[in-house]
Structures are given as C-alpha cells and as structure tokens.
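In: Got a predicted structure plus its sequence, pasted below:
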Amino acid sequence: VQFVESGGGLVQPGGSLRLSCATSGFTFNLYTMNWHRQAPGKERELVAGISSAGAVTNYADSVKGRFTVSRNSAKKTVYLQMNNLKAEDTAVYYCARQRWDGRYDTWGQGTQVTVSS
C-alpha cells in the first residue's frame, strides 16, 4: 500500500492550493479517505473526509466553505482543494485511509503547506 502526496507549497493569504494523494496497492473504492494536518507544536487534526463512493463528505469547522475534498476512482487519487487560505492553515497535510472501525491504518508522507505574505 502506498500513498504519494503532492501539491503543497508557499502561498499568500487568500490564495489557493490543490493537494493530491495518489494511492496504490489496495482496492481504493472500498475505503473512506481523509485529510489530516499537523501544525508545529499542535496535535494532528482531521480536516476533511470522503466516503468510499464519494457521496458523503465531512469537514472540520475551521475549513468549511473553503476546502473541498474529492476523489477520482479511475486514478485512485483523493484531492483537497483549498481556497481562501489563511495563515492558520499552515501545516503538514497528510492523507489517510480509514478502516471499517474508524481507525486510520495507512498514512502518506505529508506535504507542507505554508500560508504567508
């Protein structure tokens, strides 16, 4: 099982980024996928999730209306579109696979997002 994240970088406040998490080695369509983030000195937090079929999404209150999670089954990839970025969105972003019992059993290596002027 492998996750490869990309799309992070440095962006000014109010800007946008699109993160990608390309997966391989498992049946992508069977799993809920999530994005988490961890800022320096803070605990890792759940940012967004998308159900196996893509019909259900959920977001942390801090990103609702600004971030959109999606997935492409043919490419086995999950995305996080981030708009109107704020300094407090600065963190390392990770994608994760969620098991049937709610636990996260596989993580990507993370991609750094820095929002600064």
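Out: On my side now, so go ahead. In this text the structure is predicted, and so the values were computed from the model without any measurement.

In: from here on, contacts and neighbour counts on C-alpha atoms
Out: OK.

In: Tell me who's in contact with Asn34.
Out: Asn34 makes contacts with Leu46, Val47, Ala48, Gly49, Ile50, Cys95, Ala96, Arg97, Gln98, as judged by Cα atoms under 8 Å, 6 or more residues apart in numbering.

In: Now distance to Ser70 and neighbour count too, for the residues you listed, in CSV please.
Out: Formatted as CSV, these follow (distance: Cα to Cα, whole Å; neighbours: other Cα atoms under 10 Å):
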residue, distance to Ser70, neighbour count
Leu46, 15, 18
Val47, 13, 23
Ala48, 10, 23
Gly49, 9, 26
Ile50, 7, 23
Cys95, 12, 32
Ala96, 14, 25
Arg97, 14, 21
Gln98, 15, 21
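
In: Inside strands: which ones of these?
Out: Residues of those located in strands (DSSP state E): Leu46, Val47, Ala48, Gly49, Ile50, Cys95, Ala96, Arg97, Gln98.

In: Distance check, Tyr79 against Ala87.
Out: 21 Å (Cα to Cα, to the nearest Å).

In: typed the wrong thing, it's Asn29
Out: Applying Cα to Cα to Asn29 and Ala87 gives a distance of 34 Å.

In: Spatially central residue in the protein, please.
Out: Trp35 (2.8 Å; Cα atoms, centre = their mean).

In: so where do the helices sit in the chain?
Out: Along the chain, no stretch is classed among the helices by DSSP state H.

In: Helix or strand with the lowest mean pLDDT in it?
Out: Least confident helix or strand of the chain, by mean pLDDT, DSSP states H and E, is strand 104-107 with a mean of 92.

In: tell me what that strand is packed against?
Out: strand 91-98 (3 or more Cα pairs under 8 Å, 6 or more residues apart in numbering; DSSP states H and E).

In: ok, residues contacting the strand it packs on?
Out: Contacts of strand 91-98 with the rest of the structure, by Cα under 8 Å, 6+ apart, involve 3, 5, 21, 31-40, 104-114.
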